[in-house]
Each structure stands twice: as C-alpha cells, then as structure tokens.
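Participant: here is my input, please return the structure:
(one chain, ligands or ions: 2)
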Amino acid sequence: MAETGRDIQVAKKLLQSGELVAVPTETVYGLAGNALHTPAIAKIFEVKDRPSFDPLIVHISDFTQLGKYVTDVPDAAQELARHLWPGPLTLLLKKKSIIPDMVTSGLATVGIRCPNHPLTHELLSSLAFPLAAPSANPFGYVSPTTALHVDEQLGTKIKYILDGGPSTVGMESTIVGFGEKRPMVHRLGGLSIENLEEIIGPVDVAIHSRSNPLAPGQLESHYAPRKRVFTVDLERAINMIDFEKVAVMSYQKDYQVPHQYILSPSGNIHEAARNFFAALRELDRAPVDLILAEFVPDEGIGRAINDRLRRASAK
Ligand code: TXA
Ligand code: MG
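Facilitator: Numbering: from 1, shown residues only. Ligands and ions are numbered 1, 2, ... in the order given. You can find the predicted model right below:
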C-alpha cells in the first residue's frame, strides 16, 4: 500500500527528489515524475512496465508555460489551448531540447497538456519543472479513476498517491496534432470532436487500430481487463446465455442479470464515461468467465467510450 493523502508538500518533496507520485486529473490518475529529469522518466517506464517506444504526456500548470517547452505553436493549437485549457486536451507540438528524448520516445513532438484539477494545478504551480505522467496503471491495463485504483496496482511501487477524489471526466485526454493539412485527432478522449470543431473548424481523425509509430499507445489491444470482453447486442444475446457465468456492462438498461454494471441508468453519456473504467475493474473481479458489453451512443464523449471498448475487447 502506498501512502495516500492530500498533502501537496509531501508530493512536492518526493517529486523534487526524483521520485514518482500518482496525481489526480479530471481524466484519469497519472503516474507523475519530473519531466526534465531522465532518471525519473526511466522510473515511470519501469514502474508501468511500459515499452520505451510509447511516449509520455507532459503536464504544465497553465498556458503561459507552453513556450518554455515547445518551439512553435500553430494558430489552431493556440486557439485550442486558450479555449480549452485547463482541460482534457493534449497538443502534439515540436519540442525544445529541454524535453529529454526519453519522454517523447525520440519523436520530434511532445504531447503537452494542462490538466483541470485543483490539487494537481496547485502542485504544478509550486514546482519548477513540468510533470511527465502516463495513466497510473500497468501498461495495457484499465486506467485508474480513483486513488484506490492506483493503489491496487501500483501501491507497492510508489511512495505517495495524491488523492483528489474520483476523476470527473473519466476518459483520457483527446490528442491533437498539427501536420501539413488539417489538425489531426490521434486519440479520441474526454474532449469531443464537436467541441474541437466549434473552435477550429473541421479536423481529421486518425484512430489506428494497430500499432502506429505516431501514437504507439493506440495499440489495438489496450485498456483491457484480465477477463475477455466481447461487444455484443445485449438485447439479442440476453436470452441465449448463462448469466451465472457472464457479466454484463450496459449503457442504460437493467438486464436483471446477477453480475452487471449499468454505466448510466439515466442515459447520461458523461456519467457513463465517468463510470466506464471503474465498471471494467469491478466486472473483472466478478466470479464470471467473461464480460459482455454493449456500445454506447456513438457521439460526443460516447465515441471515446466506444473506442476504449473496442480496444478492451481486442485480444
Ligand atoms: O488524460 C491523459 O492524457 C492522461 C492523464 C494522466 O493526463 N494521460 C495519459 O497518458 O493518458 P498515457 O501515457 O496513458 O497515454 C498517452 C498517449 C499514448 O497513447 C502515447 O502514445 C501518446 O499519448 N503520445 C504521447 N506523446 C506523443 C507524441 N509526441 N506523439 C504521438 N503520440 C503521443
Ligand atoms: Mg494509458
């Protein structure tokens, strides 16, 4: 068990001495270390058991810090940052040499974001360096949305978990890059395509189902619990299966089976997003052989949920 609390001074001291601390954000909890200090970066990869080709996101306290770490901020990126930070949005921008190559896995761009959480904002504002932080889960497993989730899996490997309560968005940040043509969404996330397009007009979406050098974390199989997950039409499947042995994850409907998690009984897509990773964890622990899940409405943040569901079920 790692020590868990709300003490920013404890978190600050550990980070200043090159240690890792789990920190809350509005999307998911992050496993944070000094982004400018390669031994801390190496620890992040080690604790997560993360392949070195999968780059980390760098977290800053506010927009004014951006210029310290990137060379060039295209207009569209400026606009997005001004309107949507702090928030669940990561921008891929050309890095300055102050950001170690280890952070970006050798890429010329760095993923950078300003998280929207009061505790983590205070922590970042009190530090002289930004924080590199991937989601605080073992590589490939379900992302953590509470301090307890972090403790369950990484508790023996880190010293402190800054507890900021359950993440309010529940999906990781939306990742946007700026290539030759239109801005490109590399990961669907907490901020919807609709939100982005309101600000900068049409964007392209490049969501890869397979390993992709530009967004290596977008592996086909990701966010996966230990149990097999199948996406099905629950309405049709419900009469055909022995539900003693199967768990069900539904969007809104109560299928009245022994092991089920209803993401949002009232049909609120944001509530469903907040509950999604906790649901996967809970059903993973249920005494069943497999998990059947249905897709949620494919709009807004629902697209990010469906993306996670596809990856959780690809094995
Ligand atoms: O919401 C979030 O973004 C959370 C919280 C903690 O901030 N962090 C997070 O980090 O989801 P992680 O490491 O689990 O996922 C980061 C993703 C990976 O898929 C990685 O490949 C991609 O971001 N990424 C990071 N830097 C990149 C870059 N320079 N180019 C392309 N993809 C990048
Ligand atoms: Mg992750």
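Participant: for the protein, what lies in contact range of ligand 1?
Facilitator: In this structure, the chain approaches ligand 1 at residues 25, 27-28, 30, 54-57, 88, 90, 92, 104, 107, 109-111, 115, 133-135, 172-173, 175, 186-187, 214-218, judged by C-beta under 6 Å from any ligand atom. For every residue, glycine as well, the C-beta is placed using N, CA and C.
Participant: how about 5 Å then?
Facilitator: 25, 27, 30, 54-55, 57, 92, 104, 107, 109, 111, 133-135, 172-173, 215-217 (C-beta under 5 Å from any ligand atom).
Participant: ok, and what's touching stretch 58-68?
Facilitator: Here stretch 58-68 makes contact (C-beta atoms under 8 Å, 6 or more residues apart in numbering) with 25, 30, 32, 35, 69, 73, 81-82, 85-86, 93, 96, 98-99, 103, 110-115, 120-121, 124-125, 130-133.
Participant: now that stretch: buried residues?
Facilitator: By 16 or more other C-beta atoms under 10 Å, the buried positions in stretch 58-68 come out as Val58, His59, Ile60, Ser61, Gln65, Leu66.
Participant: which residues of the stretch 51-200 of the chain fall in helices?
Facilitator: Taking DSSP state H, counting those that start in this stretch, the helices of the stretch 51-200 of the chain run over residues 66-69, 75-84, 101-104, 118-126, 147-154, 193-200.
Participant: mind checking how far stretch 23-43 is from the chain centre?
Facilitator: A distance of 13 Å separates the centroid of the chain from that of stretch 23-43, by C-alpha atoms, centre = their mean, to the nearest Å.
Participant: redo the helices of the stretch 51-200 of the chain as TSV? Include mean pLDDT and distance to Glu282.
Facilitator: Converted to TSV, those look like this (pLDDT from 0 to 100; distance: least, C-beta to C-beta, whole Å):
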stretch	mean pLDDT	distance to Glu282
helix 66-69	97	38
helix 75-84	97	31
helix 101-104	98	33
helix 118-126	98	25
helix 147-154	97	11
helix 193-200	97	29
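Participant: save these as a markdown table, and put in distance to Phe243 too.
Facilitator: Output for the helices of the stretch 51-200 of the chain, formatted as a markdown table (distance: least, C-beta to C-beta, whole Å):
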| stretch | distance to Phe243 |
| --- | --- |
| helix 66-69 | 51 |
| helix 75-84 | 42 |
| helix 101-104 | 46 |
| helix 118-126 | 41 |
| helix 147-154 | 26 |
| helix 193-200 | 36 |
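Participant: and the strands in the stretch 201-315 of the chain?
Facilitator: Residue ranges of the strands in the stretch 201-315 of the chain, as given by DSSP state E, counting those that start in this stretch, are 204-205, 228-231, 246-250, 260-262, 290-293.
Participant: let's have the ones you listed in JSON lines, adding mean pLDDT, distance to Phe276 and mean neighbour count.
Facilitator: Formatted as JSON lines, these follow (pLDDT from 0 to 100; distance: least, C-beta to C-beta, whole Å; neighbours: other C-beta atoms under 10 Å):
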{"stretch": "strand 204-205", "mean pLDDT": "94", "distance to Phe276": "20", "mean neighbour count": "12"}
{"stretch": "strand 228-231", "mean pLDDT": "94", "distance to Phe276": "12", "mean neighbour count": "16"}
{"stretch": "strand 246-250", "mean pLDDT": "96", "distance to Phe276": "8", "mean neighbour count": "25"}
{"stretch": "strand 260-262", "mean pLDDT": "97", "distance to Phe276": "9", "mean neighbour count": "20"}
{"stretch": "strand 290-293", "mean pLDDT": "95", "distance to Phe276": "10", "mean neighbour count": "22"}
